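Peer 1: Model the structure of this input:
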Amino acid sequence: MAASLYIVVEGEDPGFDIFVNGQALARNEDALERIARQLRVAPLLEFFSADENSMALLSEQGAGDLDWAKHLPQTQWFQAPEGLVTVGALIGFLVENPVSLASETNTVLSELREYQRVLGKTALYGLRWHLAVSWL
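Peer 2: Next up is the predicted model:
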């Protein structure tokens, strides 16, 4: 079962496409966390938060008994510029060090650029965001 890290933008419809793939980011999250800490920026998973919609999606995808989800802390929302700092730093590092993630560097860079596009529009619209996980 594959995971995907995707962006959730606050509100019903932000007025722009927020789709990001996020599968390569999920597969390489440990390495990306090490790089982020080395660069002294927040790792991507520090922007994770669960909301009712993502918990419902996990349930629909067969995640089993989600009674524990009823006890989650309140959803956290983040300012887009905070995420842009992390994403920009990771992009810069991977462009300068393309062998860091072996054969997946280009795919990870592509997904980070998707994040950069969505977070840029999120900032432009003055909205907040967080990361969620989907199991495919």
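
Peer 1: Stretch 95-115: how far from the chain's middle?
Peer 2: Computed by Cα atoms, centre = their mean, to the nearest Å, the chain-centroid distance of stretch 95-115 equals 15 Å.

Peer 1: tell me the mean pLDDT over that stretch?
Peer 2: Average pLDDT, stretch 95-115: 93.

Peer 1: Next secondary structure after the helix-or-strand element of the chain with minimal mean pLDDT?
Peer 2: None of the helices or strands of the chain scores lower by mean pLDDT, DSSP states H and E than helix 52-60, at a mean of 55. Next helix or strand after helix 52-60 toward the C-terminus (DSSP states H and E): strand 78-79.

Peer 1: Sheet-wise, list the partners of that following strand with their directions.
Peer 2: strand 128-135 (antiparallel) (DSSP bridges).

Peer 1: Tell me the buried residues in the partner strand?
Peer 2: Residues 128-134 are the ones in strand 128-135 that count as buried (16 or more other Cβ atoms under 10 Å). C-beta: built from backbone N, CA, C; applies to glycine.

Peer 1: and if you look at stretch 3-14?
Peer 2: Result for stretch 3-14 [16+ other Cβ under 10 Å]: buried residues 4-9, 14.

Peer 1: Format those as a markdown table; extra columns: secondary structure, distance to Leu44 and pLDDT.
Peer 2: Listed next are these as a markdown table, based on DSSP: H, G, I helix; E, B strand; the rest coil; distance: Cβ to Cβ, whole Å; pLDDT from 0 to 100:
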| residue | secondary structure | distance to Leu44 | pLDDT |
| --- | --- | --- | --- |
| Ser4 | strand | 12 | 94 |
| Leu5 | strand | 7 | 95 |
| Tyr6 | strand | 11 | 95 |
| Ile7 | strand | 10 | 96 |
| Val8 | strand | 13 | 95 |
| Val9 | strand | 16 | 96 |
| Pro14 | coil | 20 | 90 |
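
Peer 1: Out of those, which comes closest to Ala80?
Peer 2: Nearest to Ala80 out of these is Val9 (Cβ to Cβ; 8.8 Å).

Peer 1: hang on, isn't the closest one packed against Leu119?
Peer 2: No - if you go by Cβ atoms under 8 Å, Val9 and Leu119 don't touch, sitting 9.2 Å apart.
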